[in-house]
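Asks: predicted structure and sequence below. I'll ask about it afterward.
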Amino acid sequence: ATETPRAGRSNSVSSPPNQAVDYAQKIDVNPPKGTRDFPPEEMRLRNWLFHNFREVSELFGFEEVDYPVLESEALYIRKAGEEIRDQLYCFEDKGNRRVALRPELTPSLARLVIQKGKSVPLPIKWFAIGQCWRYERMTRGRRREHYQWNMDIIGVPDVTGEAELISSIVTFFKRIGITAKDVGFKISSRKVLQEVLSLYSVPETSFAKACIIIDKMGKIPMEEIKKELKAVELSSDAIEDLLQVLSMKSLTELEEKLGGAGEAVRELKQLFSLAEKFGYSEWIQFDASVVRGLAYYTGIVFEGFDREGKLRAICGGGRYDRLLSTFGGDDIPACGFGFGDAVIIELLKERQLLPEVSVEVENIVCSLDPDLQGSAATVATLLRGKGQCVDLVLENKPLKWVFKRAARINARRLILVGRSEWERGMVNVKILSTGEQHEVNLDDLQ
Ligand SMILES: CC(=O)Nc1cnc2ccccc2c1
């Protein structure tokens with residue numbers, strides 16, 4: 001006997017009298033475009049991933065926080081031409097407020113830090129795992145939601161902050177079996193860009209826009225990049241110089257160009273020497289082309305990439321020393337990263353590293369006698385009181401059905417409540433892997 005077969009959905013004409021509402025036609029059982037359900041198996045994998053995010057965050061002494069998925073649109077209105085702005089999932093609510101489903105977590109963090117003000121001592125080390133949203137034309141068939149793990153350090157101006165954050169991501173990768181052969185971190189600093197542009201008279205507002213345009217390198221043709229850079233008032237000399245610096249892959253080369261006195265080279269050298277101390281030098285490399293696509297980064301930026309080059313960036317982050325002040329808060333330094341739930345799963349699939357996350361139930365309890373349904377509930381409650389998982393069979397089912405369900409839920413033991421045993425205060429315990437069966441006194445059951 002299979003488990004109860006699902007009756008087809010009846011329409012309103014023949015539906016039983018207790019039908020609560022009248023279904024004129026079948027609802028669409030799929031989730032909205034670009035969004036996902038998490039049925040049990042997918043949910044177990046997601047829980048495994050988030051458990052590792054949490055364990056690492058706590059290993060580093062970070063505290064968990066969360067924010068509303070709905071925020072004021074104002075948090076995300078930045079004029080640097082970011083993709084995240086074009087794809088804002090925003091609307092006007094019934095109170096005529098402009099609101100948005102958060103596309104990222106960092107602005108919420110900044111808002112909460114300012115709200116808390118002096119009541120939260122620095123440095124703040126917070127982490128969050130939250131669903132983020134974007135609205136883009138489904139032509140690209142991309143998802144409209146994903147979950148992001150964020151870790152942020154507020155109040156630490158030195159690159160020790162970034163070094164600590166990268167260490168936490170390396171720790172995470174190691175925990176799930178990813179090595180420096182599988183992934184690496186490209187590291188640079190927006191101060192490289194700043195120091196190049198300072199050689200040319202470039203308006204301050206062009207800096208963030210130039211970063212967003214450069215982040216599109218490799219995604220749109222170089223001609224388009226140059227055109228857009230011209231449009232934000234970069235001279236062709238500045239553009240040539242910039243593109244030459246952005247192709248640099250060694251700090252030595254960069255130092256030759258910028259000199260050793262600037263902050264960009266000094267901070268990068270400091271970060272690479274700290275990496276030695278943390279023991280993750282083999283995971284990182286300087287790559288001047290990394291700028292990241294968020295306008296608020298001001299210093300070190302980094303991104304995790306798969307060395308086979310098949311996947312999009314796994315994670316990314318950096319320093320954002322001005323974000324809090326742009327929200328009207330004090331001038332507090334900050335750095336952080338975001339780590340999405342999608343690319344990492346693709347990588348684990350590629351590397352055959354997905355974990356076995358089967359369902360495990362200790363006991364399945366049932367009675368074969370309809371009059372003993374209550375007794376079965378008593379046995380289940382007794383076991384649960386001892387911290388044992390119990391799947392209690394809630395209807396009178398044939399034994400064949402019970403065995404089938406027991407196998408599906410991977411139950412270790414089958415506890416049978418039979419009339420003759422029960423009258424002697426006993427139940428029947430069957431170890432399903434061996435078939436071994438014995439009677440146990442209810443009081444000794446554990
Ligand atoms: C690979 C993937 O799913 N990316 C993704 C999916 N949804 C998002 C939603 C908001 C912001 C960024 C997002 C990024």
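Replies: Nice, thanks for sending it over.

Asks: mean confidence (pLDDT) on stretch 432-439, please.
Replies: Stretch 432-439 carries an average pLDDT of 97.

Asks: in that stretch, which residues are buried?
Replies: Neighbour counts over stretch 432-439 (16 or more other C-beta atoms under 10 Å) mark Leu432 as buried. (C-beta placed from N, C-alpha, C; glycine too.)

Asks: what do you get for stretch 200-216?
Replies: 202, 206-216.

Asks: just the residues you listed: which are in helices?
Replies: If you go by DSSP state H, these have 206-214 in helices.

Asks: reformat these as a markdown table; add pLDDT and distance to Glu421.
Replies: Listed next are these as a markdown table, based on pLDDT from 0 to 100; distance: C-beta to C-beta, whole Å:
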| residue | pLDDT | distance to Glu421 |
| --- | --- | --- |
| Ser206 | 92 | 83 |
| Phe207 | 93 | 79 |
| Ala208 | 93 | 75 |
| Lys209 | 94 | 78 |
| Ala210 | 95 | 79 |
| Cys211 | 95 | 74 |
| Ile212 | 94 | 73 |
| Ile213 | 96 | 77 |
| Ile214 | 95 | 75 |
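
Asks: what residues does the stretch 1-150 of the chain put near the ligand?
Replies: 103, 132-134, 143, 145-146 (C-beta under 6 Å from any ligand atom).

Asks: so for those, which is the shakiest by pLDDT?
Replies: Out of those, that is Arg143, at 93.

Asks: which residue packs closest to that residue, ignoring adjacent ones?
Replies: Leaving aside its sequence neighbours, Arg143 sits nearest to Gly34 (C-beta to C-beta, 6 or more residues apart in numbering; 5.2 Å).

Asks: would you agree that neighbour is in contact with Arg142?
Replies: Yes: contact criterion C-beta atoms under 8 Å: Gly34 and Arg142 qualify, at 7.0 Å.

Asks: could you list everything the residue most central in space within the chain pairs with in the sheet?
Replies: Nearest to the mean C-alpha position of the chain, counting by C-alpha atoms, centre = their mean, stands Gln148 at 3.0 Å. Beta-bridge partners for Gln148, by DSSP bridges, are Gly130, Gly340.

Asks: return the residues in contact with it.
Replies: Listed by C-beta atoms under 8 Å, 6 or more residues apart in numbering, the contact set of Gln148 reads 104-105, 129-132, 338-341.

Asks: out of those residues, which is nearest to Glu164?
Replies: Phe339 (15.0 Å; C-beta to C-beta).

Asks: what's the closest non-adjacent residue to the closest one?
Replies: For Phe339, ignoring the flanking residues on the chain, the nearest one in space by C-beta to C-beta, 6+ apart is Cys315 at 3.9 Å.

Asks: show me what the one you found is bridged to.
Replies: Bridge pairing for Cys315 (DSSP bridges) gives the partners Gly304, Phe339.

Asks: how many other residues sit next to whichever residue of the stretch 301-446 of the chain sits closest to the ligand?
Replies: For the stretch 301-446 of the chain and the ligand, the shortest gap (C-beta to the nearest ligand atom) falls at Ala342, measuring 3.7 Å. By the criterion of other C-beta atoms under 10 Å, Ala342 has 17 neighbours.

Asks: quick one: contacts for it?
Replies: 143, 146.

Asks: so how far is Ile212 from it?
Replies: 22 Å (C-beta to C-beta, to the nearest Å).

Asks: Ala407 now?
Replies: 55 Å.

Asks: for the helix-or-strand element of the chain with minimal mean pLDDT, which outside residues touch it?
Replies: When each helix and strand of the chain is scored by mean pLDDT, DSSP states H and E, helix 83-86 comes last, with a mean of 90. The contact list for helix 83-86, computed with C-beta under 8 Å, 6+ apart, reads 76-78, 103-104, 134, 136, 293-294.

Asks: out of the contacts of Gln148, who has the most neighbours?
Replies: Neighbour tally across these (other C-beta under 10 Å): the maximum, 25 neighbours, falls on Leu105.

Asks: I'd say that one and Gly130 touch.
Replies: Yes: using C-beta under 8 Å, Leu105 is in contact with Gly130, at 5.3 Å.

Asks: got any residues that touch both of these two?
Replies: 67, 148, 150.

Asks: restricting the selection to alpha carbons, write the longest helix along the chain to PDB.
Replies: When the chain is scanned for its longest helix (criterion: DSSP H), the result is helix 40-59. Provided in PDB are the C-alpha atoms of helix 40-59 (Å, rounded to 0.1, in the frame of the first residue of the first chain):
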ATOM      1  CA  PRO A  40      11.900  19.600   2.700                       C
ATOM      2  CA  GLU A  41      15.000  18.400   0.800                       C
ATOM      3  CA  GLU A  42      15.900  21.800  -0.400                       C
ATOM      4  CA  MET A  43      15.200  23.300   3.000                       C
ATOM      5  CA  ARG A  44      17.600  20.700   4.600                       C
ATOM      6  CA  LEU A  45      20.400  21.900   2.300                       C
ATOM      7  CA  ARG A  46      19.600  25.500   3.000                       C
ATOM      8  CA  ASN A  47      19.600  24.800   6.700                       C
ATOM      9  CA  TRP A  48      22.900  23.100   6.400                       C
ATOM     10  CA  LEU A  49      24.400  26.100   4.500                       C
ATOM     11  CA  PHE A  50      23.000  28.700   7.000                       C
ATOM     12  CA  HIS A  51      24.100  26.500  10.000                       C
ATOM     13  CA  ASN A  52      27.700  26.800   8.600                       C
ATOM     14  CA  PHE A  53      27.200  30.600   8.100                       C
ATOM     15  CA  ARG A  54      26.100  30.900  11.700                       C
ATOM     16  CA  GLU A  55      28.800  28.700  13.200                       C
ATOM     17  CA  VAL A  56      31.600  30.700  11.500                       C
ATOM     18  CA  SER A  57      30.100  34.000  12.500                       C
ATOM     19  CA  GLU A  58      29.900  32.900  16.100                       C
ATOM     20  CA  LEU A  59      33.400  31.500  15.900                       C
END
